[in-house]
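A.B. asks: starting from these lines, generate the structure:
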Amino acid sequence: MTFHINQKIECIRDDWHHPLAHLVQHLPRKRGIYHVRGFDLYYPRNAYLRLVEIVNPMFLQYDEPSFFCGCFRPVIERKTDIGVFRKLLNPIREIANG
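C.D. replies: Residues are numbered from 1 along each chain as shown. Coordinates of the predicted model:
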C-alpha cells in the first residue's frame, strides 16, 4: 500500500510490539484519523510514517519515533449524493398521486 504526504489515514492497529514503545510519549490509537507528515524507510519494503497530529521528541538520542505503515489504511472519502434516494422515492410519489 502506498501513502503520500498530507494523506488522510486511519489507524487500524494499535498493538505496538516494539520493546521500547512504552517510552514513546504519544502513540496513535485504533480508529484514530491522522495525516501523513513524512516517512522513514528502515527496510526496502517497510515504510514508517510520521503523523501531523503526533509529534514526539527525539527517542533515545535517535530520531523522532515513526509508526509502521501496516497499522494504517487510507481514508476514502466519498462525496454524498442523494440522487439514489430520490430515485427510490419517485415510484412512491407516482403511486400516491395515481
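
A.B. asks: which strand runs longest in this structure?
C.D. replies: If each strand of the chain is counted by residues according to DSSP state E, the longest one is strand 33-43.

A.B. asks: after that strand comes which helix or strand?
C.D. replies: Reading on from strand 33-43 to the C-terminus, the next helix or strand found by DSSP states H and E is strand 46-51.

A.B. asks: and that following strand with strand 33-43, angle?
C.D. replies: On the basis of axes from the mean of the first three to the mean of the last three Cα atoms, to 10 degrees, strand 46-51 is oriented at 140 degrees to strand 33-43.

A.B. asks: what strands line up against strand 46-51, and which way round?
C.D. replies: Paired with strand 46-51 in the same sheet, following DSSP bridges, are strand 33-43 (antiparallel), strand 67-68 (antiparallel).

A.B. asks: now do the helix or strand just after the last one, average pLDDT.
C.D. replies: Looking back up the chat, that one is strand 67-68. Later in the chain than strand 67-68, the nearest helix or strand by DSSP H and E is strand 72-74. When pLDDT is averaged along strand 72-74, the result is 95.

A.B. asks: quick one: buried residues of strand 72-74?
C.D. replies: Phe72 (16 or more other Cβ atoms under 10 Å). Where you see a C-beta, it was placed from the backbone N, CA and C, and this is true even at glycine.

A.B. asks: check what contacts it and list those residues.
C.D. replies: Contacts of strand 72-74 from elsewhere in the structure, counted by Cβ atoms under 8 Å, 6 or more residues apart in numbering, are 1, 3, 7-12, 28, 34, 49.

A.B. asks: now with 10 Å?
C.D. replies: Around strand 72-74, the neighbours that count as contacts under Cβ atoms under 10 Å, 6 or more residues apart in numbering are 1-4, 7-13, 28, 32, 34, 36, 49, 51.
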